[in-house]
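Colleague: model the structure of this input:
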Amino acid sequence: MFHDLRYALRTLAKAPGFTAVVILTLALGIGACTAIFSVVDSVLLRPMPFPESDRLVSIWETNLPDYPEFSVSPGNFCSWQEQAKNFESIASSQESSYTLTGTGEPARLTALRVSANYLPTLRLQPLLGRNFRPEEDAPGAGTVALLGYGFWQRKFGGRSDALGQTLQLDGRPFVVVGVMPKSFRDIDVIAPFAFTAHQRQ
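Modeller: Coordinates of the predicted model:
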């Protein structure tokens, strides 16, 4: 084996161009394998960061063949909540954004609009404060919000007196009722859907 290795090294040294191609091919192959494994590990092998994540399912609407998967309409979601008996709880979320004003230059915030039972369905609790109440997920109810961990650190320096503060989001006042744990670092604000009667139809 030692003689074979020595012979291989001598051969590679005599052909530097070929050697460079071999090394580059190996590097690309190892890098691609590492990237693919990282994706598979995070998506398929590693469980989601929620308690009892094996009991969670995602539900989508379909309209084949044109639309194999699209978001559930508010009306259907509300109907499923009322009628579905095979699930302990059905919750909904949608990525959104708000414009923060009243504190210097306007800033665009990443947001998550959710049904009031979203966090209880995921078995999650705010780091500080409380979750949304069912009556706060209704049109005309006082607007409330939960802060993402990263935004709480940037805006309020991680202080507990962030609770009860008012943020002007899209020109409306939102009262901060809680702060999310570090797993919500990439979301700035979480607010209830508060579907209107027309949307619930």
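
Colleague: tell me the domain boundaries of this protein?
Modeller: Structural domains of the chain, as assigned by automatic domain parsing, span the residue ranges 2-45, 92-200.

Colleague: by mean pLDDT, show me the worst of the ones you listed.
Modeller: In terms of mean pLDDT, the lowest-scoring of those is domain 2-45 (a mean of 74).

Colleague: where along this protein do the helices fall?
Modeller: For the chain, the helices defined by DSSP state H cover 2-14, 16-40, 74-83, 118-121, 149-156, 197-200.

Colleague: put the alpha carbons of the last one into PDB.
Modeller: If I follow you right, that is helix 197-200. What follows is helix 197-200, C-alpha atoms only, in PDB (Å, rounded to 0.1, in the frame of the first residue of the first chain):
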ATOM      1  CA  ALA A 197     -67.400  38.600   9.200                       C
ATOM      2  CA  HIS A 198     -67.100  38.800   5.400                       C
ATOM      3  CA  GLN A 199     -63.700  36.900   5.500                       C
ATOM      4  CA  ARG A 200     -65.200  34.200   7.700                       C
END
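
Colleague: elements contacting it?
Modeller: Here helix 197-200 touches helix 74-83, going by 3 or more C-beta pairs under 8 Å, 6 or more residues apart in numbering; DSSP states H and E. No exception for glycine: its C-beta is placed from N, CA and C like everyone else's.

Colleague: the closest residue to residue 148 other than its chain neighbours: how many residues sit nearby?
Modeller: With C-beta to C-beta, 6 or more residues apart in numbering as the measure, residue 187 is the residue that lies nearest to residue 148, at 4.1 Å, once sequence neighbours are left out. Burial of residue 187 is recorded as 21 neighbouring residues (other C-beta atoms under 10 Å).

Colleague: any idea how far residue 26 is from residue 187?
Modeller: 40 Å (C-beta to C-beta, to the nearest Å).

Colleague: if I read this right, residue 194 contacts residue 142, doesn't it?
Modeller: No - with contact defined as C-beta atoms under 8 Å, residue 194 does not reach residue 142; the gap is 10.0 Å.

Colleague: shared neighbours, these two?
Modeller: With contacts defined as C-beta atoms under 8 Å, 6 or more residues apart in numbering, the residues shared by residue 194 and residue 142 are residue 136.
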